[in-house]
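**Q** here's my sequence, what's the structure:
(chains A and B)
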Amino acid sequence: SQQGEEDPQALSIQEGENATMNCSYKTSINNLQWYRQNSGRGLVHLILIRSNEREKHSGRLRVTLDTSKKSSSLLITASRAADTASYFCATDPSNDYKLSFGAGTTVTVRA
Amino acid sequence: DGGITQSPKYLFRKEGQNVTLSCEQNLNHDAMYWYRQDPGQGLRLIYYSQIVNDFQKGDIAEGYSVSREKKESFPLTVTSAQKNPTAFYLCASSDRVGADTQYFGPGTRLTVL
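**A** Numbering: from 1, shown residues only, chains lettered A, B, ... in the order given. Just a heads-up that it's a prediction; the model follows:
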C-alpha cells in the first residue's frame, strides 16, 4: 500500500522559476527520501531527511519535513530544462523496513 | 543508474510464457529489491532480499518468483500466473534493508503480446 502521496500530480513552470511539490504520509517514519525519474529511466536519489530534522539543502534543492503534519515539501530553485522529470517521495515507516513510494509529481520546465 | 544493470531493456512475451528479468549490482550491497511501475503510478514492491539465499514477498508478489544465489544477482521471473504483467520493472539495491538510500537500475519494460 502507498504511504506517501504527492501533490500536485503535475506542474508546468518556466525556466528560472521555482518548483514546489508536497508529500503527505500516513504513519510515523524514520526518514523521508525524494527521488527523481527521467522518462523511461530508473530513479535517482536526491535527498534524505531524517525524522528529527526539519530542513535540508542540497544544491538547488530544499526539503522540509513537518512530522506533526506528516508532510514534506521539495523546492527546486531556479529550475532548468534538465529538471523536467517525475519526482517521488519515499517513506520508511518506523515499524517496517521497506520504502513506500508515492505516485509522483511530474514537473515540466518550459524553455 | 549507478552500479546496477538490468537486462534486457525491452522484453516481449507471449501470453502463457514465463520470462526472467536480470538484475546485477557491483556495489557490494546486501539488500536488493524488485519494483513494478505502471503508467502514472508509483512503485510497488514485488520482492526484496536482505541477504544471499533469503528473500521476502513484497506487496504484489503473486505471479512472480525470485532467487538470490549470489550477492550481486537477483533475477525476477514473471510467470504465466501473473494476470497483467505488462509494466516497467525496476531493480534496486541498498547497503541494508530499511532506511538506506536505494540505487536503481535503468529498468526493463515488459510487454505481453
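
**Q** C-alpha from now on. contacts and neighbour counts both.
**A** Will do.

**Q** how about the residues of chain B that lie near chain A?
**A** Taking CA under 8 Å from any CA of the partner chain, the part of chain B that reaches chain A is made up of B:1, B:40-44, B:59, B:90, B:97-99, B:101-107.

**Q** drop anything exposed from those.
**A** Of the members of the residues of chain B next to chain A, the ones counted as buried by neighbours, 16 or more other CA atoms under 10 Å in any protein chain shown, are B:1, B:42-44, B:90, B:97-99, B:101-107.

**Q** between those residues, which sits nearest A:A85?
**A** Nearest to A:A85 among these is B:G42, at 13.6 Å by CA to CA.

**Q** check contacts around the closest one.
**A** Contacts for B:G42 (CA atoms under 8 Å, 6 or more residues apart in numbering or on different chains) come out as A:F88, A:F101, A:G102, A:A103, A:G104.

**Q** near chain B too, which of those?
**A** A:F88, A:F101, A:G102, A:A103, A:G104.

**Q** those: which two are farthest apart?
**A** Farthest apart among the ones next to chain B among the contacts of B:G42 by CA to CA are A:F101 and A:G104. That separation is 8.0 Å.

**Q** out of these two, which sits in the more crowded spot?
**A** Neighbours per residue, other CA atoms under 10 Å in any protein chain shown: of A:F101 and A:G104, the larger number sits with A:G104, 30 against 27.

**Q** apart from its chain neighbours, what residue comes closest to the more buried one?
**A** A:F88 (4.4 Å; CA to CA, 6 or more residues apart in numbering or on different chains).

**Q** how distant is the helix or strand the one you found falls within from the center of its chain?
**A** Under the criterion of DSSP states H and E, A:F88 resides in strand A:85-93. Relative to its chain's centre, strand A:85-93 lies at 5 Å (CA atoms, centre = their mean, to the nearest Å).

**Q** quick one: B:I46 and A:P8, what's the gap?
**A** The gap separating B:I46 from A:P8 is 27 Å, by CA to CA, to the nearest Å.

**Q** just the closest of the ones next to chain B among the contacts of B:G42 to B:M32, please.
**A** A:F101 (16.1 Å).

**Q** nearest spatial neighbour of that closest one, chain-adjacent residues omitted?
**A** Closest to A:F101 by CA to CA, 6+ apart is A:A90, at 4.4 Å.
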